[in-house]
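1. no sequence on this one, just coordinates:
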């Protein structure tokens, strides 16, 4: 008899300090109850999420494998073994949707190569939700991840994105280390045209959610403090 293979189920995680039931569909929670093998970005945060989503979840009876940005790609394929043996595997990021700007993408690539079913579930995504609330072009957009660390390269990248916004109407979405958020806004105010439009989306779905779209000139004189808060930035029109 041919053994049925397990699925790779992508479980979104709340992005802020909110109850999972406030941002996740009931179907996600029900599927979680039946999964006992997990590939996670961070073991501690994954266990915390499972306990919050399913009180009394059998943590000790479950297996966890960490997959981070430091995991060698050669080690990823072996993480699929439970699915090859017929068990579902849950993939859990630290926050938001797994496999989107997330090392879980490596596992999904291996799963596709192995012919396993991949099941993406509905949940919060800072990239999509910030775009929805920005007022910018949602038909042509790009996620640029983190900007270059080198100051001159970062300014060059910002100017290039600004040119493409003007010429093609494309929206650019990017992030920064939270403690540098304020400095990045100040740098954009010095680097970009005063007429360019900038959206700053902070603590999306969280208790201090704040999403503002203003001109660079307005940001230059605005009162704000986004330090140490999960924040995403968009340049668009």
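-> In hand now; what should we look at? Quick caveat, the model's predicted, so the values are computed rather than measured.

2. switch to C-alpha atoms for all contacts and neighbour counts from now on
-> Noted.

3. so which residues of the chain form strands?
-> Remark: strands of the chain, listed N- to C-terminal, are 8-11, 37-40, 63-66, 89-92, 118-120, 141-146, 171-175, 197-202, 210-215, 231-236; assignment by DSSP state E.

4. any regions of the chain where pLDDT drops low?
-> Across the chain, residues meeting the criterion (pLDDT under 70) sit at 1-3.

5. spatially central residue in it, please.
-> Using Cα atoms, centre = their mean, the residue of the chain that lies closest to the mean C-alpha position is residue 96, 4.6 Å off.

6. what about that residue, distance to residue 136?
-> With the distance defined as Cα to Cα, to the nearest Å, residue 96 ends up 21 Å from residue 136.

7. who does the longest helix belonging to the chain touch, helix- and strand-wise?
-> Among the segments of the chain that qualify as a helix by DSSP state H, the longest is helix 151-168. Helix 151-168 is packed against strand 171-175, helix 181-191, strand 231-236, with contacts defined by 3 or more Cα pairs under 8 Å, 6 or more residues apart in numbering; DSSP states H and E.

8. excluding chain neighbours, give the residue nearest to residue 4 in space.
-> Leaving aside its sequence neighbours, residue 4 sits nearest to residue 86 (Cα to Cα, 6 or more residues apart in numbering; 5.4 Å).

9. what's the local residue count around the one you found?
-> Residues near residue 86, counting by other Cα atoms under 10 Å, number 13.

10. cool, the one 5 residues further on as well?
-> For residue 91, the neighbour count with other Cα under 10 Å is 29.

11. show me the contacts for it.
-> When contacts are counted by Cα atoms under 8 Å, 6 or more residues apart in numbering, residue 91 touches 8-11, 38-40, 98, 104.

12. residue 7 now?
-> The neighbourhood of residue 7, defined by Cα under 8 Å, 6+ apart, consists of 83, 87-89, 116-119.

13. which of those sits closest to residue 223?
-> Proximity of the contacts of residue 7 to residue 223, judged by Cα to Cα, is greatest for residue 119, which lies at 42.7 Å.

14. distance of the closest one relative to residue 62?
-> If you measure residue 119 against residue 62 using Cα to Cα, the figure is 20 Å.

15. of the two, which one has the most company?
-> Regarding residue 119 and residue 62, a neighbour count based on other Cα under 10 Å identifies residue 119 as having more, with 14 against 11.

16. wait, the more buried one touches residue 6, no?
-> No. Residue 119 is not in contact with residue 6 according to Cα atoms under 8 Å; the separation is 10.7 Å.

17. possible to save the contacts of residue 7 as CSV with distance to residue 178?
-> Conversion of the contacts of residue 7 to CSV gives the following (distance: Cα to Cα, whole Å):
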residue, distance to residue 178
83, 36
87, 37
88, 34
89, 31
116, 36
117, 35
118, 32
119, 31
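
18. tell me the phi and psi of residue 35?
-> Listed backbone geometry of residue 35 is phi -100, psi 140, with angles given as degrees, to the nearest 10.

19. do I have it right that residue 132 meets residue 126?
-> No. Using Cα under 8 Å, residue 132 is not in contact with residue 126, being 9.7 Å away.

20. out of those two, which sits in the busier spot?
-> residue 126 (21 against 12).

21. show me what contacts the more buried one?
-> Taking Cα under 8 Å, 6+ apart as the criterion, residue 126 is in contact with 15, 96, 204, 232.
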